[in-house]
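Q: prediction below, plus the sequence it came from.
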Amino acid sequence: MDTFDTFEEIPAARLRRLPAGDVYDARCPSRSVLELLADKWTLLVIWQLRGGPLRFGELRRRIQGVTQKMLTQSLRSMERNGLATRTVYATTPPSVEYALTPLGESLTEVTGRMCGWAEANMGAVLRSRRGYDAAQAKAAEAEAARTVVRAGRRQAA
């Protein structure tokens with residue numbers, strides 16, 4: 001079997017007959033697909049577009065905290081990767097709508113479950129973070145105290 005260092009090196013004819021991927025193999029193209037889906041803005045855009053096409057401004061209002069730049073990058077990436085379409089209407093000013101492709105639609109169940117999991121488990125995750133951070137701070141204080149004691153012994157000597 002041929003090996004390629006990057007996805008771009010795979011000849012177009014081979015793309016149609018790629019075997020199942022292995023996301024644990026750093027050279028497998030499935031890794032780049034996984035990276036696309038791991039982006040929080042892409043996940044949120046997919047979830048918002050599940051109900052039908054939306055204009056850029058509407059997406060931006062619905063996804064609070066996303067910047068114009070990040071939304072633009074996410075939508076361009078989704079379009080490039082076959083997850084969304086961009087339709088420009090010849091109006092004054094021009095209006096643009098984004099919609100999911102069938103491939104993008106196939107992700108709505110997954111994104112819905114991920115968003116639901118995040119909402120249902122945010123309390124547990126935040127409590128865990130707080131406990132971890134408190135333990136790390138306590139350990140850092142203890143280490144700092146040991147360093148001061150050691151430094152004091154050196155000066156006394």
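A: Now that the structure is in, tell me what you want to look at. Numbering: from 1, shown residues only.

Q: give me the nearest residue to the spatially most central residue of the chain, chain neighbours excluded.
A: Nearest to the mean C-alpha position of the chain, counting by Cα atoms, centre = their mean, stands Asp39 at 1.1 Å. Excluding the flanking residues, the one nearest Asp39 by Cβ to Cβ, 6 or more residues apart in numbering is Ser74, at 6.7 Å. From N, CA and C alone the C-beta is placed, and that goes for glycine too.

Q: ends of stretch 94-110, what's the gap?
A: Taking Cα to Cα, to the nearest Å, the first and last residues of stretch 94-110 lie 33 Å apart.

Q: next, the buried residues of it.
A: By neighbour count on 16 or more other Cβ atoms under 10 Å, the buried set for stretch 94-110 is 97-98, 100, 104, 107.

Q: tabulate these in a markdown table, adding columns for distance to Leu49, pLDDT and secondary structure.
A: Converted to a markdown table, the buried residues of stretch 94-110 look like this (distance: Cβ to Cβ, whole Å; pLDDT from 0 to 100; DSSP: H, G, I helix; E, B strand; the rest coil):
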| residue | distance to Leu49 | pLDDT | secondary structure |
| --- | --- | --- | --- |
| Glu97 | 10 | 97 | strand |
| Tyr98 | 6 | 98 | strand |
| Leu100 | 5 | 98 | strand |
| Gly104 | 7 | 97 | helix |
| Leu107 | 10 | 94 | coil |
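
Q: sorry, back to before: residue contacts, the residue nearest to Asp39?
A: In this structure, Ser74 makes contact with 39, 41-42, 45, 66, judged by Cβ atoms under 8 Å, 6 or more residues apart in numbering.

Q: per-residue confidence for it?
A: Looking at Ser74, its pLDDT stands at 96.

Q: and the longest helix along the chain, what does it pack against?
A: What stands out as the longest helix in the chain, according to DSSP state H, is helix 108-156. Packing partners of helix 108-156 (3 or more Cβ pairs under 8 Å, 6 or more residues apart in numbering; DSSP states H and E): helix 40-49.

Q: show the subsequent helix or strand relative to the helix it packs on.
A: strand 54-55 (DSSP states H and E).

Q: for this structure, which spans come out with low pLDDT?
A: Across the chain, the ranges flagged by pLDDT under 70 are 1-20, 151-157.

Q: relative to helix 40-49, how tilted is the longest helix of the chain?
A: For helix 108-156 against helix 40-49, the angle by axes from the mean of the first three to the mean of the last three Cα atoms, to 10 degrees is 150 degrees.
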